[in-house]
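Asks: Please work out how this folds:
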Amino acid sequence: MTPWRATTTRGRWVLVTGLALAAAGVLLRYPVVAALGAVLATLVVVEVALVLRRPPVRVQRTVEPLVVVRQESCTGRLRLAGGRGGLVRTLARESIDGRLGEPFELDPQGAETTYVIPTTRRGLVDVGPLRLERASLCGLSASATDAGEVVRLRVLPRRVPLTALPTGHRRAAVGGGESMELGGTDLVGLHEYAVGDDLRRLHWATSARTGTLMVREDADPAQPHVHVLLDDRSESYAAADDFEEAVEVAAALCRVAVEAGDPLRFRTTSGRHDVTVPGSTTRQPLREAHELEWLLAEIDAGPDRTPVAAHHRGLDVAVAVTGARADHRGLALDVGGALDATVCVVDPDPAAGPGVLGAATVLRGAGSDALARLWDGRHR
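Replies: Numbering: from 1, shown residues only. The predicted model follows:
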């Protein structure tokens, strides 16, 4: 900040007045007037120099937890030390998601304050930096600087109470379309042994070859293969909040599939995002599931996004989540190749109940909770 910008309106008037008095006193040979003008101008210069000095403030910030579900509690803690220097008063204001909080005065002996971080909005929330506002004693100068690091908080979609998924149809092999009555599982991968793994699933041949205990990752061919399609076109929704409700429905469907260990593919209509989570009978958290959860915290809707066609033939469950203004017939065709095809519509004013469009069932609800109830009622 430049000295002129640090000078307040009062300070500028005092500076101009002081310079004018000093000049007039010198020209008219009034030493008292000249001295008074010099004192006023010097006072402004001194106060500007004081507020432009970097405040001796030490800031330590912690946020717990760093990943939180929307509308759940999150706490920030600030540890501050220093801040008072001579004739300058320092106020601090915390910044949360670009908005400044109420100012408070710093204690030069050090202090700790705890505050609640609102989690009403899904996405990435920046906590910090701390805004330090310094003002001189006479109010002739003021400055604002930032201190401390920025902590990024990730707010996940709200957890909607959706619990059920349709049962799958046994396949001859993973990804195959032929039915098969015999039991068994398919080996889809291996992972290093961790505490809690079933010792009966040890893959001895690989363990002997690598010298490390390796555990089978098996997939039941009868697991439902789930595909969740989220409409990320802003023009498909009557309001911006409707897209948030759609994200919550999509996140709930993905969560249920992952927790059940079912193979899952999540995709957006624009094709910008496409994540595949393999199935697992051990139901251990997979890296792909973690990446999908973080993606659902950041995903957004935008205008003029051309939909990308996808084929869902051979899948057990395909769900398109969209808004009231979308082309529902086109989405029904997209998911209609699945054995259980559904179009979930976030409609603030649903005029009709569940219906059928082509080979897909259409569910309409005012929000994510209403759609979850309709979904569970249909599949229980």
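Asks: what sits opposite the residue nearest the centre of the chain in the beta ladder?
Replies: The geometric centre of the chain, computed from its C-alpha atoms, lies nearest to G123 (CA atoms, centre = their mean), at 2.0 Å. Taking DSSP bridges, one obtains V155 as the residues bridged to G123.
Asks: pLDDT score assigned to it?
Replies: In the predicted model, G123 carries a pLDDT score of 91.
Asks: How about the contacts made by it?
Replies: When contacts are counted by CB atoms under 8 Å, 6 or more residues apart in numbering, G123 is found next to 155, 297-298. No exception for glycine: its C-beta is placed from N, CA and C like everyone else's.
Asks: G139 now?
Replies: Taking CB under 8 Å, 6+ apart as the criterion, G139 is in contact with 8, 10-11.
Asks: Buried ones in stretch 114-133, by neighbour count?
Replies: Neighbour counts over stretch 114-133 (16 or more other CB atoms under 10 Å) mark 117, 119, 122-123, 125, 127-133 as buried.
Asks: any idea which element A370 lies in?
Replies: helix 368-379 (DSSP states H and E).
Asks: before we move on, the earlier item: name only those of the contacts of G123 that count as buried.
Replies: For those, a neighbour count by 16+ other CB under 10 Å gives the buried set as 155, 297.
Asks: Can you add pLDDT and neighbour count and give the contacts of G139 back as a markdown table?
Replies: Compiled in a markdown table, the contacts of G139 are given as follows (pLDDT from 0 to 100; neighbours: other CB atoms under 10 Å):
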| residue | pLDDT | neighbour count |
| --- | --- | --- |
| T8 | 92 | 20 |
| R10 | 94 | 14 |
| G11 | 92 | 23 |
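Asks: How many neighbouring residues does the closest residue to L100 other than its chain neighbours have?
Replies: Of all residues not flanking L100 in the chain, R93 sits nearest, at 4.5 Å (CB to CB, 6 or more residues apart in numbering). Residues lying near R93 (other CB atoms under 10 Å) number 15.
Asks: my read is R93 is in a strand, agree?
Replies: Yes: under DSSP: H, G, I helix; E, B strand; the rest coil, R93 falls within a strand.
Asks: I figured it hits L130, correct?
Replies: Yes: taking CB atoms under 8 Å as the contact criterion, R93 and L130 are neighbours in contact, 7.4 Å apart.
Asks: ok, back up a step: which ones among the buried residues of stretch 114-133 are found in helices?
Replies: Counting by DSSP state H, no part of these is found in helices.
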